[in-house]
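Enquirer: this one's structure only:
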């Protein structure tokens, strides 16, 4: 299948004259890594992002590549559909999203506009532009909700506990419906808690980035709940590899889990990061937040059976790589860490997870 060296997988057309790959949310944490990986594979890539949470600095490497173009656009806009009709991508990787559980509880209409209507707009644009496939970044925790049996398989009943989870379920349903109705191949990748370099510590999902930056500068950290809540943490390069392995034209189910199958508690995660940072910090405990899950881990055996994908970066190694990046980013005055150090950022905290 796919080599970690960056070669293109079978069925992935990467000739200079072939249609480009379109990545939404391209300036985001995962999206920017995916853009880099596609370019390294020899593909032409058009990245779209409204920069509401994405950062152009994440695309610094890609911006120097002759086969990359970036367009600042909202995926819910008519201009987005115009762009897609013009570039006629062969495949759309849809990562643009409102991804905060807390924000979805406070403003479910905005959450639905971005995650549901945005996905419909992407599907409509892809369909009319003749794209062969759409890959959706879904949430492997919030779509399933709380279940006693772990790790969770794809056939587990969907019981979202937040508007964010509900919007991701709806987005998945639309992807599957467009395949049945129009023949537009679609796959939803239900991701575990993704972490690694470029993750914004001022967002909600990046607990590892939040902890790592706070511990690196000597700030206090906060855990919401008693610290026993657990998540399936998967390194960003493993997630990118999962997307790449779903590019070829072969039969896939509607949803594929992407995780390690191992649940790590928030307190254990904090202790591992503190040890990696050389810190003895003790986190502050505050009440748990509405809409958050207690325990999540994902069974990715279907993805493994179909593509040979397996997570290759153990948690401790991934944490060390992330801390190295955090420390390097502290030297830039424009970095999120520097902004936090100067008092411009939000309080570091753990809000639960996806």
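Expert: That came in fine, so what should we check first? Note that this is a predicted model, so its numbers are computed, not measured.

Enquirer: rest of the way, CA atoms for contacts and neighbours
Expert: OK.

Enquirer: what about the helices in the stretch 151-300 of the chain?
Expert: 163-182, 207-217, 236-245, 266-277 (DSSP state H, counting those that start in this stretch).

Enquirer: any idea which of the ones you listed scores lowest on pLDDT?
Expert: Looking at the helices of the stretch 151-300 of the chain, the lowest mean pLDDT belongs to helix 207-217 (a mean of 91).

Enquirer: that one: which residues count as buried?
Expert: 207-216 (16 or more other C-alpha atoms under 10 Å).

Enquirer: and what of stretch 105-123?
Expert: 105, 108, 111-123.

Enquirer: identify the bridge partners of the residue nearest to residue 21 when sequence neighbours are not counted.
Expert: Leaving aside its chain neighbours, residue 21 sits nearest to residue 45 (4.8 Å; criterion: C-alpha to C-alpha, 6 or more residues apart in numbering). Beta bridges link residue 45 to residue 21, residue 68, judged by DSSP bridges.

Enquirer: in contact with residue 45, which residues?
Expert: 20-23, 35, 38-39, 67-69 (C-alpha atoms under 8 Å, 6 or more residues apart in numbering).

Enquirer: out of those residues, which is nearest to residue 329?
Expert: Here the nearest of those to residue 329, counting by C-alpha to C-alpha, is residue 35; it sits at 20.5 Å.

Enquirer: mind checking the SS state of that closest one?
Expert: helix (DSSP: H, G, I helix; E, B strand; the rest coil).

Enquirer: just use 300 as the starting number from now, easier for me
Expert: With the count now opening at 300, the last piece we talked about shows up as residue 334.

Enquirer: one step back: need the winner for burial among the helices of the stretch 450-599 of the chain.
Expert: Ranked by mean neighbour count, these are led by helix 506-516 with a mean of 25 (mean count of other C-alpha atoms under 10 Å).

Enquirer: hang on, residue 361 in a helix?
Expert: Yes - according to three-state DSSP, residue 361 belongs to a helix.

Enquirer: how far away is it from residue 627?
Expert: To residue 627, residue 361 is 20 Å away according to C-alpha to C-alpha, to the nearest Å.

Enquirer: mind telling me what element residue 380 is part of?
Expert: helix 377-386 (DSSP states H and E).

Enquirer: and the strands in the stretch 350-499 of the chain?
Expert: 367-371, 390-393, 432-438, 484-490, 492-494 (DSSP state E, counting those that start in this stretch).

Enquirer: how is this structure carved up into domains?
Expert: 320-493+533-557, 495-530+561-595+612-640 (automatic domain parsing).

Enquirer: can you give me how far the longest one is from the chain middle?
Expert: Between the centre of domain 320-493+533-557 and the centre of its chain there are 8 Å (C-alpha atoms, centre = their mean, to the nearest Å).

Enquirer: shaky segments in the chain?
Expert: 300-316, 501-504, 631-653 (pLDDT under 70).

Enquirer: switch to 80 and redo it
Expert: 300-317, 500-504, 589-591, 630-653 (pLDDT under 80).

Enquirer: tell me, what residue is most central in it?
Expert: Against the mean C-alpha coordinate of the chain, by C-alpha atoms, centre = their mean, the closest residue is residue 329 at 4.8 Å.

Enquirer: can you tell me the element that one falls in?
Expert: helix 328-339.

Enquirer: buried stuff in that helix?
Expert: So for helix 328-339, counting by 16+ other C-alpha under 10 Å, buried means 328-339.

Enquirer: residues touching it, excluding its own?
Expert: Contacts for helix 328-339 (C-alpha under 8 Å, 6+ apart): 305-306, 322-325, 343-344, 346, 353, 357-358, 360-361, 364, 366-367, 394, 496-499, 535-536, 539, 543.

Enquirer: what does stretch 412-427 give?
Expert: 374-376, 379-381, 383-384, 387-388, 390-391, 393, 395-397, 433, 466-467, 469-470, 473-474, 477, 481, 483.
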